[in-house]
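Novice: A predicted structure for the sequence below; I have some questions about it.
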Amino acid sequence: DAKTTQPNSMESNEEEPVHLPCNHSTISGTDYIHWYRQLPSQGPEYVIHGLTSNVNNRMASLAIAEDRKSSTLILHRATLRDAAVYYCILRNPVNTGNQFYFGTGTSLTVIP
Amino acid sequence: EAGVVQSPRYKIIEKKQPVAFWCNPISGHNTLYWYRQNLGQGPELLIRYENEEAVDDSQLPKDRFSAERLKGVDSTLKIQPAELGDSAVYLCASSQTGNADTQYFGPGTRLTVL
C-alpha cells in the first residue's frame, strides 16, 4: 500500500493561511488523495479529496504536484476551530476498495 | 440530519470481561465500518459491511472480536474476553454505497481495560 509522510506537528497564527504538506512518492496512477481531520474527542471528518487536478471546497483547497508525489492542504484563514490532527490518505478504489489507511497525521496548533 | 451515533461514549472494564459497542449509521448509508484508534495513532479498519454482509474483516482479531449487522442498519462490535491491549477508541463510520470518498464518523467509544 502506498504510504504518506507528514510532519508530526505544525503551528499557525490565527487568521493566517496554513499549508499542510504530504509526501506520497510511491503513489500509483489510481490512488486518490484524501484529507481528513480529527478534532479533539471527535471522530475524523472529511475535508477534501482529489486525483490529479487541484480542488477547492468551502473548507480548504488541495494542491497536487504535477508528478503527484506530493500534495498540500491549504486552509486559507486558520481559526481556532481548525486545531486538529490532519490526515493525508491514499485510497485505491481498484485494489483496496473503500479502505483508508490513516497514518499518524499532522497535529495543527492555531495560535490566537 | 443525524450523524453516526455510537454508545456508550466511555466504558471501563476489567480484563477478561466482555464488552459491546453499538453503532447507528446515517440513514440510507449501506456501508458501515468499525475502526480502532490507539493513542497517538490514526484509526485502523477492523471490519467493513456492505448492508448486512461483512466484506472485509481481514483485520478483525477473530479469536476475541466479533461483529454483527443483522438488518443492515445498526451494528454491534463485541470483545470477549477483553485484554489490557484492547484499550483504545472504537470508531464507527458509514458511507453511501458507491461514495466511499466521504466516510462519516461517529464520536467513538473510549474503552479502558484495567
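Specialist: Noted; the coordinates are in hand.

Novice: With only the CA atoms kept, save the least confident helix or strand in chain B by mean pLDDT in CSV.
Specialist: Sorted by mean pLDDT, DSSP states H and E, the helices and strands of chain B end with strand B:53-56, the least confident at a mean of 90. The C-alpha trace of strand B:53-56 is given here as CSV (Å, rounded to 0.1, in the frame of the first residue of the first chain):
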residue,chain,number,x,y,z
GLU,B,53,-22.5,-8.7,4.7
ALA,B,54,-19.1,-8.3,6.2
VAL,B,55,-17.0,-7.8,3.0
ASP,B,56,-13.7,-7.1,4.7
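
Novice: and it, how far out from the chain's middle?
Specialist: The chain centre lies 13 Å from the centre of strand B:53-56; the measure is CA atoms, centre = their mean, to the nearest Å.

Novice: Okay, and the residue nearest the centre of chain B sits in which element?
Specialist: Nearest residue to the geometric centre of chain B (CA atoms, centre = their mean): B:Trp34, 3.1 Å. According to DSSP states H and E, B:Trp34 maps onto strand B:31-37.

Novice: ok so, going back, quickly note the distance from the residue nearest to the centre of chain B to chain A.
Specialist: 12 Å (CB to the nearest CB, to the nearest Å). For the C-beta atoms, the positions are set from N, CA and C on the backbone; glycine is no exception.

Novice: Chain neighbours aside, what residue packs nearest to that residue?
Specialist: Closest residue to B:Trp34 apart from its sequence neighbours, by CB to CB, 6 or more residues apart in numbering or on different chains: B:Leu46 at 4.5 Å.

Novice: Verify the contact between that neighbour and B:Ser66 for me.
Specialist: No. Using CB atoms under 8 Å as the test, B:Leu46 is too far from B:Ser66 to be in contact (10.7 Å).

Novice: Which residues are in contact with each of the two?
Specialist: Here B:Leu46 and B:Ser66 have B:Leu77 as joint contacts, going by CB atoms under 8 Å, 6 or more residues apart in numbering or on different chains.

Novice: Stretch A:56-65 - what's its average pLDDT?
Specialist: Average pLDDT, stretch A:56-65: 95.

Novice: Repeat that for stretch A:4-15.
Specialist: The model assigns stretch A:4-15 a mean pLDDT of 96.

Novice: And for stretch B:88-98?
Specialist: 90.

Novice: Looking at the most far-flung residue of chain A relative to its centre now. What's its pLDDT?
Specialist: What lies farthest from the middle of chain A is A:Pro112; by CA atoms, centre = their mean that is 22.6 Å. pLDDT, A:Pro112: 95.

Novice: Same question for A:Tyr101.
Specialist: For A:Tyr101, the predicted pLDDT is 82.

Novice: Would you mind naming what in chain B lies close to chain A?
Specialist: For chain B, the residues in contact with chain A (CB under 8 Å from any CB of the partner chain) are B:4, B:31, B:33, B:40-45, B:48, B:55-56, B:91, B:93, B:95, B:100-108.

Novice: can you rerun that using 7 Å?
Specialist: Proximity of chain B to chain A, by CB under 7 Å from any CB of the partner chain, involves residues B:31, B:40-43, B:45, B:48, B:56, B:91, B:93, B:95, B:100-103, B:105-108.
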